[in-house]
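Undergrad: below are the sequence and a predicted model; questions follow.
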Protein chains: 2
Amino acid sequence: MSIEKKIEPNVMDKMCPSRVVLNHVTSRWGLLALIALKEQPLRFSELRRIIGNVSEKMLSQTLKTLEKDGFVHRQSFDVMPPHVEYSLTSHGQGVSLHVKALATWVETNIESLPFADATSAQ
Amino acid sequence: MSIEKKIEPNVMDKMCPSRVVLNHVTSRWGLLALIALKEQPLRFSELRRIIGNVSEKMLSQTLKTLEKDGFVHRQSFDVMPPHVEYSLTSHGQGVSLHVKALATWVETNIESLPFADATSAQ
DNA sequence: CAGTATCCTACACGATACTG
DNA sequence: CAGTATCGTGTAGGATACTG
């Protein structure tokens, strides 16, 4: 069905490597995946449930990217039904530390930010 | 020219506040602006030059968002030609610390990431 | 369960032109 | 200089259906 594989090339691939990686780890779902996996290894659907509101497509895409970047390890057990576990590599532990710190800072300080006013009505 | 003001509403405004703010500070240009301003106050065009390849529209939009969030302070001197200085608030200093740490981690470790191979050819 | 394939839309972002 | 206004494009991301 596909002689040519259209693999959703990224615009940012012209940027310097570190910016690209930075964009991966700070991406909408990448950030949340790293934080979730920081606690413990998780299966695909567990990850989906924890992150919440992420489509299968996006989670899959995000995990592949993070795997390529060397942050996530994917272990597939060859059983039926399939069982796949995602975990952080040592590099993944490294970034997730900072990602988590950033996220925690925001959560901790959100109350004191003027932004909170705008949405505190609900 | 505009009875109704279309102010580019954000999809994410349905998310919890901290996620929204997190997205602001980790956004493509937000992240870079925070890092640049961490060193010293900067004018609009200085900021543009330092960040590089950011359009006026995006930088302006980014700065407004960060200002609303309480991370950036905008000081306008009423002279001609205009002189505007952007600087970090104390909250801005707070997040930028973590943002910078994250960015630094990536830059430091980029060489040891498998990703580097993919683009090291140029 | 753990994904892929396909289709579609909204919006992020850039380019250009204009203004105080 | 420091923006705003407007328009055009690509792509991030969702919905749905299907598969090993």
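TA: Looks like it came in fine.

Undergrad: so what's the residue count around the closest residue to A:Glu56 other than its chain neighbours?
TA: Leaving aside its chain neighbours, A:Glu56 sits nearest to A:Arg48 (7.1 Å; criterion: Cβ to Cβ, 6 or more residues apart in numbering or on different chains). C-betas here are computed from N, CA, C, even on glycine. Residues near A:Arg48, counting by other Cβ atoms under 10 Å in any protein chain shown, number 19.

Undergrad: kindly provide the distance from the residue nearest the centre of chain A to B:Thr104.
TA: The residue lying closest to the centre of chain A (Cα atoms, centre = their mean) is A:Gly30, at 2.0 Å. Using Cβ to Cβ, to the nearest Å, one gets 18 Å for the distance from A:Gly30 to B:Thr104.

Undergrad: of all the helix elements in chain A, which one is longest?
TA: Among the elements of chain A assigned as helix by DSSP state H, the one spanning the most residues is helix A:90-109.

Undergrad: quick one, that helix and helix B:90-109 angle?
TA: 180 degrees (axes from the mean of the first three to the mean of the last three Cα atoms, to 10 degrees).

Undergrad: which pLDDT value belongs to the nearest residue to A:Ala101 once chain neighbours are set aside?
TA: Nearest residue to A:Ala101, sequence neighbours excluded (Cβ to Cβ, 6+ apart): B:His98, at 5.2 Å. pLDDT for B:His98: 98.

Undergrad: in the longest helix of chain A, what counts as buried?
TA: The neighbour-count check on helix A:90-109 (16 or more other Cβ atoms under 10 Å in any protein chain shown) flags A:91-92, A:94-96, A:98-100, A:102-103, A:105-106, A:109 as buried.

Undergrad: pull the number of nearby residues for A:Ala33.
TA: 30.

Undergrad: moving C-terminal of the helix or strand containing it, what's the next helix or strand?
TA: Using DSSP states H and E, the element containing A:Ala33 is helix A:28-39. Later in the chain than helix A:28-39, the nearest helix or strand by DSSP H and E is strand A:42-43.

Undergrad: just checking, what packs against that next one?
TA: Under the contact definition 3 or more Cβ pairs under 8 Å, 6 or more residues apart in numbering or on different chains; DSSP states H and E, strand A:42-43 sits against strand A:83-88.

Undergrad: what pairs with the strand it packs on, parallel or antiparallel?
TA: Its sheet considered, strand A:83-88 pairs with strand A:42-43 (antiparallel), strand A:72-77 (antiparallel) by DSSP bridges.

Undergrad: hey, which of those strands is tucked in deepest?
TA: Sort these by mean neighbour count, taking mean count of other Cβ atoms under 10 Å in any protein chain shown, and strand A:42-43 sits at the top with a mean of 16.

Undergrad: what does it rub up against?
TA: Residues from elsewhere that reach strand A:42-43, judged by Cβ atoms under 8 Å, 6 or more residues apart in numbering or on different chains: A:36, A:50, A:83-87.

Undergrad: and if you look at stretch A:29-40?
TA: Outside stretch A:29-40, the residues that touch it by Cβ under 8 Å, 6+ apart are A:24-25, A:42, A:47, A:50-51, A:54, A:58-59, A:62-63, A:65-66, A:71-72, A:86-88, A:92-93, A:95-97, A:99-100, A:103, B:22, B:26.
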